[in-house]
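Enquirer: Provided below for reference: sequence and predicted model.
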Amino acid sequence: MDDDDGSAPLDEEHDHPTPEWVSTGSLPSDTEIQTIVSTGYKRFRHVDEGAVADYIPALAEVSPEAFGVAVAGVHGRVFAIGDAEQEFTIQSISKLFVFALVCNALGPAEARQKLGVNSTGLPFDSVMGIELNEDRTMNPMVNAGALATTSLVPGASPEEKFEHIVAGLSVFAGRTLVVDEEVYASEAATNDRNRGIAHLLSGYGRMYCDPDVATDIYTRQCSLRVSARDLAVMGATLADGGVNPLTGARAVSSGSCRRVLPVLATAGLYERSGDWLYDVGLPGKSGVSGGIVTVSPGKGGVGTFSPPLDEAGNSVRGQRMTTYLSERLGLNLFTSSPRQEGPAESEG
Ligand code: GLU
């Protein structure tokens, strides 16, 4: 797989970094993780802010009380609590994993060139950006870029493309994922907006198969059923250089993980991605059913499920719980402490 330019060569060594080049630390002990997960669960389970999404009619039927949390370590153990096994549709979180498959299939250079990887794609002084930024960005985590990403999935027919997605996401999860036909039918009957975006992109030459086919596959991928536990394992696979730590199966290359996670960090929580990174300090992706997957490179993945959402469409309890876990488990990528030995002695 080629890299995008000479500035950051992705050779065999970069793709499989030796352990001493990675300094992401390790998780606390299993007992501590279990205690922190259950303390956080008790602390946030009664938060009752937010509203369950209803723009896809079938989504409105879920109980706002449901709350599941799971942490999966790269050592292969999963710590779960509450409704961690309850299934819901993956929705927007599929964008992340389909992008990982496409980045892996095309290579990071072509993926960047065809999809874009910036959070807004607009210059620093853009006036249009103020007017138009909601969902009009051009990267694989928001709808335009996600529809374009789906259109690039390998496969000669719509069936083959969707099969590639199901097979790929199932390797991430470590079990075969299936479509929620009720949610699919409900969204397929109401997805004019996404079809419109796909056709608009097609007009701009940024759609790489038939726009209606891409929209239908995208709607199906959003309807795959997962649990908080699945999300934790899927996140842990991205945290583990692309290898599922429970099954040992490789989903994507470690080079693809290295390219996908920064895109997630800039755009995974819609227009609140900056706030999220400020609080949690980790790449994460939320979905309209109430799921959030979070990745702590080299350590593990966190999956949460709680349907009530804030105005940006992110699970309220999921954000609180993940912020808590990031702090207590020491996951924040931006946290450092002064060197133990103190400043180096100056010479002479
Ligand atoms: N199926 C949804 C859509 O494209 C996914 C949105 C989401 O989870 O934010 O409208």
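Expert: All right, it came through fine. Residues are numbered from 1 along each chain as shown.

Enquirer: residues touching the residue of the stretch 1-150 of the chain found nearest the ligand, list them.
Expert: Using C-beta to the nearest ligand atom, residue 92 is the residue of the stretch 1-150 of the chain that sits closest to the ligand, at 2.8 Å. (C-beta placed from N, C-alpha, C; glycine too.) By C-beta atoms under 8 Å, 6 or more residues apart in numbering, the residues touching residue 92 are 141, 146, 222, 285-288, 313.

Enquirer: what's the burial count for residue 180?
Expert: 22 (other C-beta atoms under 10 Å).

Enquirer: Now do it, the pLDDT please.
Expert: Residue 180 carries a pLDDT value of 97.

Enquirer: do the one 4 residues further on as well
Expert: Residue 184 is assigned 97 on the pLDDT scale.

Enquirer: again, but for residue 344
Expert: 64.

Enquirer: Get me the contact residues on the stretch 151-300 of the chain for the ligand.
Expert: 187, 194, 222, 287-288 (C-beta under 6 Å from any ligand atom).

Enquirer: Return the subset of those lying in helices.
Expert: 187, 194, 222 (DSSP state H).

Enquirer: pLDDT and neighbour count for those residues - can I get that in JSON lines?
Expert: Below are those laid out as JSON lines (pLDDT from 0 to 100; neighbours: other C-beta atoms under 10 Å):
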{"residue": "187", "pLDDT": "94", "neighbour count": "24"}
{"residue": "194", "pLDDT": "92", "neighbour count": "22"}
{"residue": "222", "pLDDT": "98", "neighbour count": "28"}
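
Enquirer: Pick out whichever of those residues sits closest to the ligand.
Expert: residue 222 (3.8 Å).

Enquirer: Make sure residue 302 is actually in contact with residue 293.
Expert: Yes - contact criterion C-beta atoms under 8 Å: residue 302 and residue 293 qualify, at 7.3 Å.

Enquirer: Give the intersection of the neighbour lists for those two.
Expert: 231-232, 235.

Enquirer: got the contact list for residue 316?
Expert: Per C-beta under 8 Å, 6+ apart, neighbours of residue 316: 47, 49-50, 306, 308-310.

Enquirer: The ligand contacts on the stretch 1-150 of the chain?
Expert: Counting by C-beta under 6 Å from any ligand atom, the residues of the stretch 1-150 of the chain close to the ligand are 91-92, 143.

Enquirer: So which of those residues sit within helices?
Expert: Members of these lying in helices (criterion: DSSP H): residue 143.

Enquirer: Any chance of TSV for the residues of the stretch 1-150 of the chain next to the ligand, columns pLDDT?
Expert: Putting these into TSV (pLDDT from 0 to 100) gives the following:
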residue	pLDDT
91	97
92	96
143	88
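
Enquirer: Quick check: of the residues of the stretch 1-150 of the chain next to the ligand, which lies closest to residue 24?
Expert: For those, the closest approach to residue 24 (C-beta to C-beta) belongs to residue 92, at 26.0 Å.
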